[in-house]
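> sequence? don't have it. structure:
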């Protein structure tokens, strides 16, 4: 049986090695991240903190900022408390806890360069720490500006992939088909698709990677939806295989979409992967409704890309 | 009649589908936007708010900022009002409305980190809200910095397209011609043009898309003006068609210009489209005056690109 | 005489037209700018103000900032003056000019969100204007941040071009040669050169543009210097022409260098042009001294690229 | 002996010249910088200060900021001191040194736009200088924002290269091999390698540069590790040479890796070089452990790429 022989000249070097893991693995997660963890890098480098802050959800970032702000103010309030009552004007120190809280708010007014001035530093020590704290505040704020700008201006391709990948009738043979559409309000242009299949080869006991031929590799606008079709002809590495075969071989279909976000003229990438479990045989995507409204604007409903019908 | 057979090997996959809408549609608007609306995306994601703020006119952005600033100050003034008179120093609360207005201005002084200090928070509640408001102010300002920078540094190709597209005598046959020029003060280099025609095919009842061959596809500098010419020879998809035919077929001529803004070394895109109504037959663009002034600088008047003469 | 016939297949479309100006013109200035002025654009658009502020010398930018700051403060001082003495606390209005100056400084303290607080707004009108001024201050500062960042992060290729372009003996024939080197401390990699000659054709009475063949079009690092050589063989458009011929034809040799600044991975462009007056015949560039110092570091002196010796 | 004849058609023009330095030199340092110093450029231009601030370690940048902040405050404190006691309110001038220190802290409160207000300018001179200082503070802070953003958003490819380059058995012949892996948490995609050998040619007495053929020039993901192999066949410029020969010829193996950081869709470059001293003969890299953990995530330990075993 030579089903998995490489009939495809496009033997891609994906960089995932050829190891057979003897259990089900996934190279690309459904959120597009690569499913690999690198150990031995030591602690996080500052550049990685930036990447981390750029990538965490907005809600987490807000927590990081608020917790960090509170922590820094607690730290400086402690330093001011150690400097003591004589270092400050306008603060009532008769109650220790009340005094500490006042110093906490004084610290916040210094860090943000608010400086109402009803509380103010008198001694050299208090003045020096306050001068340093305001510098730190400005620098932290500069960093925050960079992080917020970095988050928002980051090139993104947010695509919607159909939940399933179908094996449908296609020009006399069958085709492997999935659909994508653009989830963003701006346009993606000059889109290209690269589809690779990965599976355990039962003969060589190694993991193989083959690039799949596509009916259309490139479209000018991802304005509506795009059904990406791999014709399962005799040159296909999955020719003659049933869904059961694909499951047994722990098959993964990895997709890389490349396009240009034309608001920022940035090349953007989107990745996705389907496992054999996501394949539906004898099914066909339902044609997407696309209508011109009264003003001549073409309307589509993007979530309809998941819908398919069974064929007998 | 096989006029619309694809004689052109460059059958582009534009991504607009082949549906015949049975009414006049336009795929590319004259401002270059794609005339498609995507439904089913749920509420706007934050990343889309950024794109929206980047793309709205400056006047609208100013309104958004001023209204947002007023709204946030009203909100905090309300919170301070609920905290009450004892929470603040320097505010006259004898008159409720006067007191609320003072708190509104206190909020503005806190949000911008201005902090004159003649009004200041005393109670823990007032201090805590003020500490949070100043942090919010800094973060909002960080966002505004990012948005303003994003707006101004966004790669743009502002081209002027001739109002009409002409069918002119051209080397024994006729040619479809339009002119473009650069509206910006900086240079566009390595410019390329891609022209596609879209029409309803009366035979197949489907919408067809064909790329048009161009006399010159690429110029090094868009320094003066560029007349882009499609020779209407027998390979042309519009060969032998009258303006009336083009109108009946709901023809759209879509243009994509790609170039490099050499101030920022950014690739920029410009789109435009002509409908059949914009076509003028038996006309010829008037040669653009380009003169060298006393200092040897070459002078052109860009708005002259619209001018054409009728030919018999 | 068919000297100017296009023997070169690389007939570039530069976008400068074919008009013969009947006087000496220059298409590319020595600072790399394109020597064209576009009229009819109406007033400057805001995006052009950004480009202008990005491109002016630092000294001019500082003047713009200081003058703008003074002007805005004068404007607000006038508004505060019109609001009058009762609107403010801490200001001595007994002397009109002294009062105005105090309001000017109050404005500066508000615009920069400094807010010492010894002067402060009391009336609603004064408070409202101050709240608006501090918002304006923050937004202007956001703009300034964007402009400064835009200036510094702008991709640049600062190359030094040899003052003259030589016609030197080269492998049995002669070659047109100039030298370039990198003026910046960072590296330029993957550099490519494109050299075009422009001249009035005495036969056709039109301006012609021809791309010149180069011995080497591409180098991996512009680490030392690069002598760019066009062999003047029989395929050269300047074959058989004397310097006097080149002068008569108002010849311009236009150079475009493209490379990658590897600090920012940005593609950068540099342009330059030589006129016939810059050509020196029978001369040869002096070999650049490049020595390895004690630590093995290779040392070159970049200004030596101008030096050439006459050959008999 | 014609060992160093160029059998390789890929004769790259690296831009390092062909000079034989008669001592051991290195063109690419191990940190990837080019080992060339350019003299004659005059003083540092402002754009180079930006590049310098972008490239220095974070610890140095903090020192620059703190020292600069202290210096500017000392400068303004001196100016305020010269203006004298009458120019300010809230400052105790009875002790000269105490007064100067107060002015130093007043300067810090002005530069950061903190402005508590317990110290404040009264005279016109003091007010004018303070108004200017707060503007300078905002502009410096704008610069700092740009520098911090520039540092963090700079495209980087931090690769780990194996300490040694091995000559290992390879498909019947031998191969020159080194390994790389990604040190960052984000992915590098579409990676390409370019390997060039540089050596003194004993025949021509010149330095030669040859590109080495690679078994695989390109991988899609640098997710695990990548062993880059140059087969030492008869076309190789180092065919038949012993390690001793390579040492005598002062051989340097220069590596350029190009990839795309997919968080920012930026093309990034990494350079490295091995000298003949780094070559180990008859050795083989130990296979990297790559295991799927319980969740199916693939785990590798990046520092293991240095490990090799001797082969007999």
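Cool, the structure landed. Remember, predicted model here, so these are calculated numbers, not experimental data. Numbers count the residues shown, from 1 in each chain, chains lettered A, B, ... in the order given.
> so which helix or strand takes in residue A:178?
Assigned by DSSP states H and E, residue A:178 belongs to strand A:173-182.
> residues of that strand that come out buried?
Buried residues in strand A:173-182, defined by neighbour count with 16 or more other C-beta atoms under 10 Å in any protein chain shown: A:174, A:175, A:176, A:177, A:178, A:179, A:180, A:181, A:182. C-beta: built from backbone N, CA, C; applies to glycine.
> what pLDDT, on average, does that strand get?
For strand A:173-182, mean pLDDT rounds to 93.
> name every strand pairing with that strand and say which way it goes.
Strand A:173-182 pairs in its sheet with strand A:159-161 (antiparallel), strand A:165-170 (antiparallel), strand A:225-231 (antiparallel), by DSSP bridges.
> now for those, which one comes closest to residue A:144?
Taking C-beta to C-beta, strand A:159-161 is the member of the strands paired with strand A:173-182 nearest to residue A:144, at 29.8 Å.
> if you look at the strand ranked longest in chain A, does any of it touch chain B?
Ranked by residue count under DSSP state E, the longest strand found in chain A is strand A:188-201. Yes. Residues of strand A:188-201 contacting chain B under C-beta under 8 Å from any C-beta of the partner chain: A:189, A:191.
> so residue A:73 touches residue A:111, yeah?
Yes. Assessed by C-beta atoms under 8 Å, residue A:73 is found in contact with residue A:111 at 6.4 Å.
> where does pLDDT dip in chain A?
A:1-12, A:42-47 (pLDDT under 70).
> go with 80
For chain A, the stretches flagged by pLDDT under 80 are A:1-25, A:38-48, A:92-96, A:155-157, A:185-186, A:262-264, A:289-290, A:295-296, A:312.
> how is the residue lying farthest from the centre of it assigned, secondary-structure-wise?
Computed with C-alpha atoms, centre = their mean, the residue of chain A farthest from its C-alpha average is residue A:94, at 53.1 Å. At residue A:94, secondary structure determined by DSSP: H, G, I helix; E, B strand; the rest coil is coil.
> and the longest helix for chain A?
helix A:124-153 (DSSP state H).
> mind listing what's buried in it?
For helix A:124-153, by 16+ other C-beta under 10 Å, it's A:125-135, A:137-153.
> and the helix or strand that the longest strand of chain A is followed by, what does it pack against?
Toward the C-terminal end, the helix or strand that comes next after strand A:188-201 (DSSP H and E) is strand A:206-211. Here strand A:206-211 touches strand A:188-201, going by 3 or more C-beta pairs under 8 Å, 6 or more residues apart in numbering or on different chains; DSSP states H and E.
> okay, residue A:259 and residue A:30: tell me how far apart.
Per C-beta to C-beta, to the nearest Å, residue A:259 is found 19 Å from residue A:30.
> neighbour-wise, which of the two wins?
residue A:259 (24 against 13; other C-beta atoms under 10 Å in any protein chain shown).
> looking at the sheet around that one, what are its partners?
For residue A:259, the beta-bridge partners are residue A:268 (DSSP bridges).
> spit out the contact partners of it.
Taking C-beta atoms under 8 Å, 6 or more residues apart in numbering or on different chains as the criterion, residue A:259 is in contact with A:157, A:188, A:189, A:190, A:191, A:192, A:222, A:267, A:268, A:270.
> and it, how close does it get to chain C?
Distance from residue A:259 to chain C, counting by C-beta to the nearest C-beta, to the nearest Å: 20 Å.
> how about residue A:22?
Here residue A:22 is placed at a distance of 41 Å from chain C (C-beta to the nearest C-beta).
> cool, and residue A:199?
Counting by C-beta to the nearest C-beta, the gap from residue A:199 to chain C is 36 Å.
> doesn't residue A:241 make contact with that residue?
No. Counting by C-beta under 8 Å, residue A:199 stays clear of residue A:241, with 9.0 Å between them.
> overlap in contacts, the two.
residue A:249.
> who has more neighbours out of those two?
Regarding residue A:199 and residue A:241, a neighbour count based on other C-beta under 10 Å identifies residue A:199 as having more, with 23 against 20.
> so what's the residue count around the residue lying closest to that one once chain neighbours are set aside?
Distance criterion C-beta to C-beta, 6 or more residues apart in numbering or on different chains; nearest residue to residue A:199, sequence neighbours excluded, is residue A:249 at 4.0 Å. A count of neighbours around residue A:249, defined by other C-beta under 10 Å, yields 21.
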